[in-house]
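Enquirer: This is the structure alone, sequence omitted:
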């Protein structure tokens, strides 16, 4: 007697397949697609987006969700079926708020805008991108109005990335962080010369960078039978199923960090996707529950593992063997300090752990004001540079190194940035708990073993896919809500030692 | 007053976008997809295939086609609108014959079978592939029954690749070819030692092979702004629009031919797709009109151009510069003879021009009998080897080099092979006509100029897309139906000179 549930699952599987096809087209667009294909790809993505949206918001789906709910007959809250109906209902109610033409227009515009942004960034031409950014912001305001709810139009947008989170929560989080971060940064700023990262700025053959990084992530547990890595402009992770997870990176032949730590970062996302419960595959429950939780996994493997002394005590000899001329005479300690150098810098994705959240605060402040109409697109470059001067003490020399650096706005991702900081907080909170459960984790890491850590994440986070909302999931895994304490403790211990503060 | 026509175009554009998305997923599957993703990809392709089929065969589309036809109001037969309605009607009638569940099952099965075939070929394991081939043949018999028409079930299948062509036509074509080919092959067989192709079997760095071939195809006119080349197992060309044409090839580090001539071959297909009329983009009229005509373009650039003395008199010095150790002491004449060596061989895609059609004849004979139930799948390896002994005087030592070599059957492509021979015939017929219009073409080629030849193909073939059926198109372009005369004349002149027969 689960007719409606079966019918619902079949419908949702079709819709998911269209979305996954769209993800393949998006991956291709950012990796291998020839430039002349931009318009055709925009059309194709628009059609896929519109059809999957139309199929999902159909009245029939709503009726099936209700009937399927009635068929559950006391199946427990945590059961796959009850969870599927619950999550489908939430998604359905969210999606019903947006008209199909609106979704199609958003897809069309952002697909075009991606290309325009990439050229604008390459040519330091903010004015070339500005008209599209204005159109995107208009649509985002319209989207916030359609979605409704919240004291600030931004509430409705952030909720799509981090269900249950409000603008006020984010403002409070940054207030918490600021209180402890500002004195820490101030103390470190007086001792910036204690760390030299010159060894990281040498000639590093990209092919060797790639081979080393892929060796490492295989040790982490990234399954190349169910995933791969490709080069792109702006690194990302996408998945077309738990068995097809694509990470991307970019190689700088004169700087080790972007590809190396970029790969570890995207691998964190990839491990989450590959670890999504097998029984959830092909359903609305597959994948990650929110961007913040996703980011907790990427920051865990990039920073807490990948920038730790223990990790490098195991892997540094192999890196030295890979680049003997560049690193043969650089000690493990000097290397460890170099990769953890704190330095106010222009580019977010290359920022150190201590200043990183300041980059996010700037974007949060700008996009909330932009959305509220308090600032104009034309004024962004100046506003951006003013804030960088204020928070980081530096002024970007070009818009390419400033307001044009991030892909997000060109893709219509407004309200997305705060999830990066939430991810930082959660990475430390989850790691602390995993170590409490398995005290050998730090020693394992120094032997190149990551099984207990990955398994703890698999069991407490990955396997649940989208079953639980982020707040629920974090409380189940750690016994408390998201907090800044663990992260600040981690930062203070690590950077206190490195900088002697 | 073209309401129905406008509505029809919009519907068909949506359907085309789904098909193009499917083509992207197919390309990805054969180039970069990780092996573990096979099942998920099969599901995704099945959904895309079913949805696009359902959308196309809907009663509403039939009604729109009829209404749009009434709105044409005397628009000429050659006009874009009249052609669109005519071609859509033919496609619609064809597609209506197949139930949606059937199409979905075919897509699911062949997507899985591709993977099984690739493994079976790698492991010389025909038995591993046989059960899937049996299921595919069952479905093809069912498809022939659904489509109906013709004296032989094979008629209905070949018609999907080469509209208007019957099994009897193909049998007659092979009879024509056989009459002249057999004496030619017999004469050459007595002088096989006159040509030595050892220079082609040396170490050739794949990266340099790729760079040289891509330089050549750029000179042909392949537009890398609207296309690209990637490595794969079995080379193919696919397109997601006229502005996104993907060719693929495979590199043998010890043999020059596969990648070099494979690239020129797929480029011929690619030039046809890139040359499809701009006004036809995004409609059912875009692309190539049939496989035979498509193959005429690939064989033109691969053989008539790419294996000509004139072409190499221009490009051979550059190839020698690319591989000085391997080819520095090999004369142009010796190289020209080497790349045109006639030799009975196992692998179709590596066969010379003279014996190539014998490979096709074998496949045509086997698949017609297989479809008619006259032979069993289990008996194929033996039957295959017997025919190779009979026609080519050789017996494949493994199934990998025999019955497992081709991708076609695993993809459900039955009735496809004869179009290769039709393409050979047409390549010579069209080239003869182009040279009659522009007598400087052979001399241009020897100067590395291909503009007049490409433009003649653009004007007489490419620009029309699917507007005209193949027979119609060939008669318009050459003033006569497809014939074997031009091809045999070409072969006799070329190989008569090389082998002195």
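Expert: Looks like it arrived, so ask away. Here the structure is a predicted model, which means the values were calculated and not measured.

Enquirer: For whatever residue of the stretch 251-400 of chain A ends up closest to chain B, list the residues it contacts.
Expert: Closest approach between the stretch 251-400 of chain A and chain B, counting by CB to the nearest CB: residue A:282, at 6.6 Å. Where you see a C-beta, it was placed from the backbone N, CA and C, and this is true even at glycine. Residue A:282 sits next to A:13, A:16, A:241, B:40, B:43 when contact means CB atoms under 8 Å, 6 or more residues apart in numbering or on different chains.

Enquirer: taking the residues you listed one by one, which sit in helices?
Expert: A:13, A:16, B:40, B:43 (DSSP state H).

Enquirer: which of those sit farthest apart?
Expert: Across the ones in helices among the contacts of residue A:282, the longest distance by CB to CB is 11.1 Å; it joins A:13 and B:40.

Enquirer: burial of the residue in the stretch 51-200 of chain A that chain B sits nearest to, as a residue count?
Expert: Going by CB to the nearest CB, chain B is nearest to residue A:51 of the stretch 51-200 of chain A, at 7.0 Å. Residue A:51: 22 surrounding residues under other CB atoms under 10 Å in any protein chain shown.

Enquirer: residues from the stretch 251-400 of chain A in reach of chain B?
Expert: A:281, A:282 (CB under 8 Å from any CB of the partner chain).

Enquirer: if we can go back for a sec, among the contacts of residue A:282, who's most crowded?
Expert: Counting by other CB under 10 Å, top hit in those: residue A:241 with 25 neighbours.

Enquirer: What sits closest to that residue if chain neighbours are left out?
Expert: residue B:40 (3.5 Å; CB to CB, 6 or more residues apart in numbering or on different chains).

Enquirer: a helix runs through the residue of the stretch 251-400 of chain A closest to chain B, doesn't it?
Expert: No - using DSSP: H, G, I helix; E, B strand; the rest coil, the assignment for residue A:282 is coil, not a helix.

Enquirer: That one and residue B:105: what is the separation?
Expert: Using CB to CB, to the nearest Å, residue A:282 is found at 18 Å from residue B:105.

Enquirer: still on that earlier bit, residue contacts, the residue nearest to residue A:241?
Expert: Taking CB under 8 Å, 6+ apart, we find residue B:40 in contact with A:20, A:240, A:241, A:243, A:244, A:281, A:282.

Enquirer: these two touch, right, the third one and residue A:281?
Expert: Looking back up the chat, that one is residue A:241. Yes - counting by CB atoms under 8 Å, residue A:241 does reach residue A:281; the two are 6.4 Å apart.

Enquirer: Buried residues, stretch A:152-166. List them.
Expert: A:152-163, A:165-166 (16 or more other CB atoms under 10 Å in any protein chain shown).

Enquirer: do the same with stretch A:208-225
Expert: So stretch A:208-225, judged by 16+ other CB under 10 Å, has buried residues A:209, A:210, A:212, A:213, A:214, A:216, A:217, A:220, A:221, A:222, A:223.

Enquirer: closest to chain B among those residues?
Expert: residue A:223 (7.2 Å).

Enquirer: how many neighbours does the spatially closest residue to the closest one that is not a sequence neighbour have?
Expert: The shortest distance from residue A:223 to any non-neighbouring residue, by CB to CB, 6+ apart, is to residue A:274 (5.6 Å). Using other CB under 10 Å, residue A:274 has 23 other residues around it.

Enquirer: Could you report the separation of residue A:274 from residue B:115?
Expert: According to CB to CB, residue A:274 stands 20 Å off from residue B:115.

Enquirer: cool, residue A:306 as well?
Expert: With CB to CB as the criterion, residue A:306 and residue B:115 are 34 Å apart.

Enquirer: Who has more neighbours out of the two?
Expert: Counted by other CB under 10 Å, residue A:306 and residue B:115 do not tie: residue A:306 has more neighbours, with 25 against 19.

Enquirer: The more buried one touches residue A:263, doesn't it?
Expert: No - between residue A:306 and residue A:263 there is no contact under CB under 8 Å: 9.1 Å.

Enquirer: Can you pull the residues that touch both of those two?
Expert: residue A:216.

Enquirer: and the residue nearest to residue A:96 when sequence neighbours are not counted, how many residues sit next to it?
Expert: Counting by CB to CB, 6+ apart, residue A:96 lies nearest to residue A:57, which is 5.1 Å off, once chain neighbours are set aside. Look at residue A:57: counted by other CB under 10 Å, it has 21 neighbours.

Enquirer: One more: the one 4 residues further on?
Expert: As a burial measure, the neighbour count of residue A:61 was computed by other CB under 10 Å and equals 22.
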